[in-house]
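**Q** please find the sequence and the predicted model below.
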Amino acid sequence: MDLLNNLLMGFGVALSPTNIFFCFVGCLAGTLIGVLPGLGPTASVSLLLPITFSMNPITAIIMLGGIYYGAMYGGSTTSILVNIPGEAASVVTCIDGYQMARRGRAGPALGMCAIGSFIAGTFSVIGLMILAPPLAEMSLRFGPPEYLSLMVLGLALLSFLTSGSTSKAMIMAGFGLFLGTVGLDNLTGTTRFTYGTITLMDGVDLVPVVMGMFGIGEVLYNLEQSIREREIYNAKIENLFPSLRDWMEAKWALVRGSVIGFFLGILPGGGAIIASFASYAIEKRLSKTPEQFGKGAIAGVAGPESANNSATGGAFIPMMTLGIPANPVMAILLGALIIHGIQPGPFLIKEHPDLFWGVVTSMYVGNFILLILNLPLIGIWVRALRVRYTILFPLILLFCLIGSYSLKNNVGDMILMLIFGVFGYLIRKYRYDAPPLVLALVLGPMVESALRRSLLLSDGSPFIFFQRPISAVFLGVTMLLVFTSVLPAVKRKKGRIPSEEGVD
Amino acid sequence: MRKQDLGSSIVWFGIGLFIALSSLSLNLGSLGSPESGFMPFLTGLVICLFAVVTFLQALFEKGAKEEKVWTGVRWQKLVAVILILLAYILLVKPVGYLICTFFLILALTRMIASESWVSSLTSSVLGSSLSYVLFNVFLKAYLPKGILG
């Protein structure tokens, strides 16, 4: 009964005219930005975050959520029509989606994406409703040591799962944690690494950092070479609703993708990306016609697309129940909640039930809006694909400038954003991943507080983290990840030297 | 990425070392009572540790394909964009949002993207006015009026 009452309360919040409107605006803006060149979900949410500053927190999170899953949808459209994934989780969709488009089946591919995403999104919302409250109850038993270990595990997982080197990702996470310490130390009142600047007294804000790294950095990276406009699938898009045969081929892929995506989405660190790859691999293995994969198999579109959308819902669980974001977008949403004066964590559901249930049910509403936006309006998105980057990039830069300025009406924040823009460009050139830094920056103050409180509790014994079973498990997994990813690699490289020298 | 990794890991080691050493002046405290410098000191050590790992991995990485990171990079464009943004940041408060934004978009579309004058001017007028309406009127964000205020 509780669930039903909560659902009713949630729908009461989500279906208020203001929230429906902003959910719609979020989905629309997210889809639009998702199909535009050079911007993924993280950049979309970063760029539009300042728009939500003047809203109430529930409406703000509903809109940001809409932007997030809207951008995920938009990413799939570019995968199918341009063979360029809008974001990493849509990389797999390119394989069979683009092949379907080349064979004149762009319509069913896009339709399956939209409907599959809707089904998976719905599944993940139901999963979120069922799993989040008991998990929040359980996490109430967590003390500072458990929290610290869990956050460290989250950072290690994200670093482990990034595209590049784990050690580079750990450097990024370390630097993010350092940035989290800049400013006033809340416990002692000491200022740290501010060098006399007022801008840094409040700490390094998330907004200039993400706008700089994902907005300015991305633009600089795109501008460094001659701008090549994208080649877009030109034929008319027909038959958006997949045929019965398509459904028969894709039905189990949709179900499996939804389940895999949801559970992998809960894991910190790029859940949606792994979910889409895992789903593709499973579908190919289970298929009676695996040779069709890579040549336009609809199950190769349905599985990964449902998996990455289901993971979106799953990712809300650790953020809403533990206050620990599973990916950079969730880190930005968490930052948004904090900007609005709400501390996410185990008490969120109890203290702000309207926010939790309102946001959860709005995701359901959002999925429905996206279905409407994506099927009948596909022509508009195809047209948006043709916007020239030369017109687009000044607007991206402008949004970054206004966004960082409007946070506190402070020119210093714009300078900080420009610095992080150049930094974001450089780390991209040198293949350092930005997500661990963003996650660590958000978690930084929480990590420090949990660490210092744990050490105070244990009278200075670092063994407290290993004496408490839950914390010990988290740290054990963390150490396993670090050792398996870093040390064996060094050993393997060392082991290879003699033979290579021998060959020479 | 071998050479680049060797270079970048040395830079990161330097950054980590700087953070760790600077933290000493903030008072580390003790394990039983950590002070303000404790956490930054740890992060400095983490950065140093993984910079060493990255360095060693790059050092023993044989046969890896060398990528030329800076080949074909249009430096002038990049530096020009950064300078244009810096000029905007410094001038937006005294001169005002509308004027600065108009010239920002004009400079970017005309100088960097080599769009035609018509296209650049249209983008500048539309971009500055519509963004002003969106942020100042609808979203109630304070945008500097400058000399027009």
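**A** The structure has been received and is ready for your questions. Numbering: from 1, shown residues only, chains lettered A, B, ... in the order given.
**Q** wait, isn't A:Leu481 in contact with A:Leu157?
**A** Yes - look at A:Leu481 against A:Leu157 with Cβ atoms under 8 Å: they come within range, at 6.7 Å. Where C-beta positions appear, they are placed from N, C-alpha and C, glycine not excepted.
**Q** more neighbours, those two?
**A** A direct count of neighbours by other Cβ atoms under 10 Å in any protein chain shown for A:Leu481 and A:Leu157 places A:Leu157 higher, at 21 against 18.
**Q** which of the helices or strands spans that one?
**A** Assessed by DSSP states H and E, A:Leu157 sits inside helix A:144-161.
**Q** show me what the helix or strand that that helix is followed by packs onto, helices and strands only.
**A** Using DSSP H and E, the helix or strand that follows helix A:144-161 in sequence is helix A:166-181. Using 3 or more Cβ pairs under 8 Å, 6 or more residues apart in numbering or on different chains; DSSP states H and E, the elements in contact with helix A:166-181 are helix A:144-161, helix A:435-457, helix A:469-485, helix B:2-24, helix B:38-59.
**Q** A:Gly104: what secondary structure?
**A** Assigned by DSSP: H, G, I helix; E, B strand; the rest coil, the conformation of A:Gly104 is coil.
**Q** so the helix holding A:Leu157 versus helix A:435-457, what angle?
**A** Interaxial angle of helix A:144-161 relative to helix A:435-457 (axes from the mean of the first three to the mean of the last three Cα atoms, to 10 degrees): 160 degrees.
**Q** ok, the residue of the stretch 401-504 of chain A found nearest chain B to B:Pro40 distance?
**A** Nearest residue of the stretch 401-504 of chain A to chain B: A:Gly460, at 3.0 Å (Cβ to the nearest Cβ). According to Cβ to Cβ, to the nearest Å, A:Gly460 and B:Pro40 sit 19 Å apart.
**Q** again, but for A:Tyr425
**A** For A:Tyr425 relative to B:Pro40 (Cβ to Cβ), the value is 25 Å.
**Q** which one's more surrounded, those two?
**A** Each of A:Tyr425 and B:Pro40 has its neighbours counted (other Cβ under 10 Å); B:Pro40 has more, 26 against 23.
**Q** and the closest residue to chain A within chain B, how many neighbours?
**A** Closest contact between chain B and chain A, by Cβ to the nearest Cβ, is at B:Gly32 (3.0 Å). Look at B:Gly32: counted by other Cβ under 10 Å, it has 11 neighbours.
**Q** what residues are up against it?
**A** Each residue near B:Gly32 by Cβ atoms under 8 Å, 6 or more residues apart in numbering or on different chains is listed here: A:455-456, A:459-460.
**Q** what about the helix holding A:Leu157, near chain B?
**A** No - counting by Cβ under 8 Å from any Cβ of the partner chain, chain B is not contacted by helix A:144-161; separation bottoms out at 9.1 Å.
**Q** can you measure across stretch B:101-116, start residue to end residue?
**A** Terminal residues of stretch B:101-116 lie 18 Å apart, using Cα to Cα, to the nearest Å.
**Q** in what helix or strand does A:Val387 lie?
**A** Short version: A:Val387 belongs to no helix or strand, going by DSSP H and E.
**Q** so what's it closest to, chain neighbours aside?
**A** A:Leu36 (6.0 Å; Cβ to Cβ, 6 or more residues apart in numbering or on different chains).
**Q** quick one: the one you found from chain B, how far?
**A** 15 Å (Cβ to the nearest Cβ, to the nearest Å).
**Q** count of neighbours near that residue?
**A** 22.
**Q** tell me the predicted confidence for it.
**A** According to the prediction, A:Leu36 has pLDDT 75.
**Q** from chain B, how far off is the most centrally placed residue in chain A?
**A** Among the residues of chain A, the one closest to the centroid is A:Val329, at 3.7 Å (Cα atoms, centre = their mean). Between A:Val329 and chain B the computed distance is 21 Å (Cβ to the nearest Cβ).
**Q** and that residue, what does it touch?
**A** Applying Cβ under 8 Å, 6+ apart, we find A:Val329 in contact with A:41-42, A:45, A:68, A:315.
**Q** next, the residue with the largest distance to the centre of chain B: phi, psi?
**A** No residue in chain B sits farther from the centre than B:Gly32, which is 38.0 Å out by Cα atoms, centre = their mean. When quoted as degrees, to the nearest 10, the phi and psi of B:Gly32 stand at phi -80, psi -20.
**Q** just A:Arg192 next, same as before
**A** Main-chain torsions, A:Arg192, degrees, to the nearest 10: phi -130, psi 130.
**Q** poorly predicted segments of the stretch 401-504 of chain A, please.
**A** For the stretch 401-504 of chain A, the stretches with pLDDT under 70 are A:486-504.
**Q** let me fix that, I meant to ask about chain B.
**A** B:1, B:63-66, B:149.
**Q** apply 90 and report the result again.
**A** B:1-6, B:26-27, B:29-33, B:57-77, B:113-115, B:131, B:133-149 (pLDDT under 90).
**Q** excluding chain neighbours, what is closest to residue 24?
**A** No chain was given, so I picked chain A. A:Ile369 (5.4 Å).
**Q** hmm, no, I was thinking of chain B.
**A** B:Leu24 sits nearest to B:Gly37 (Cβ to Cβ, 6+ apart), 6.3 Å away.
**Q** confirm for me that B:Ser123 is in contact with B:Thr109.
**A** Yes - with contact defined as Cβ under 8 Å, B:Ser123 reaches B:Thr109; the gap is 5.1 Å.
**Q** where do the helices sit along the stretch 201-350 of chain A?
**A** A:206-210, A:217-223, A:244-266, A:271-286, A:299-322, A:328-339, A:348-351 (DSSP state H, counting those that start in this stretch).
**Q** most tightly packed of those?
**A** Highest mean neighbour count among the helices of the stretch 201-350 of chain A (mean count of other Cβ atoms under 10 Å in any protein chain shown): helix A:299-322, with a mean of 31.
**Q** how far off centre is that one?
**A** 10 Å (Cα atoms, centre = their mean, to the nearest Å).
**Q** thinking again about what came up before, I'd guessed the residue nearest to B:Leu24 sits against B:Ser30; true?
**A** No - with contacts counted by Cβ under 8 Å, B:Gly37 stays clear of B:Ser30, the gap being 11.5 Å.
**Q** could you check how far the closest residue in space to A:Leu441 that isn't next to it in sequence is from A:Leu155?
**A** Leaving aside its sequence neighbours, A:Leu441 sits nearest to A:Gly176 (Cβ to Cβ, 6+ apart; 4.3 Å). Remark: distance between A:Gly176 and A:Leu155 (Cβ to Cβ) = 8 Å.
**Q** which neighbours do the two have in common?
**A** Common contacts of A:Gly176 and A:Leu155 (Cβ under 8 Å, 6+ apart): A:436, A:439-440, A:443.
**Q** quick one: which of these is nearest A:Leu377?
**A** A:Leu439 (33.8 Å; Cβ to Cβ).
**Q** to what extent is the closest one buried, counted in neighbours?
**A** 31.
**Q** from the centroid of chain B, which residue is nearest?
**A** Using Cα atoms, centre = their mean, the most central residue of chain B is B:Ile82, at 9.2 Å.
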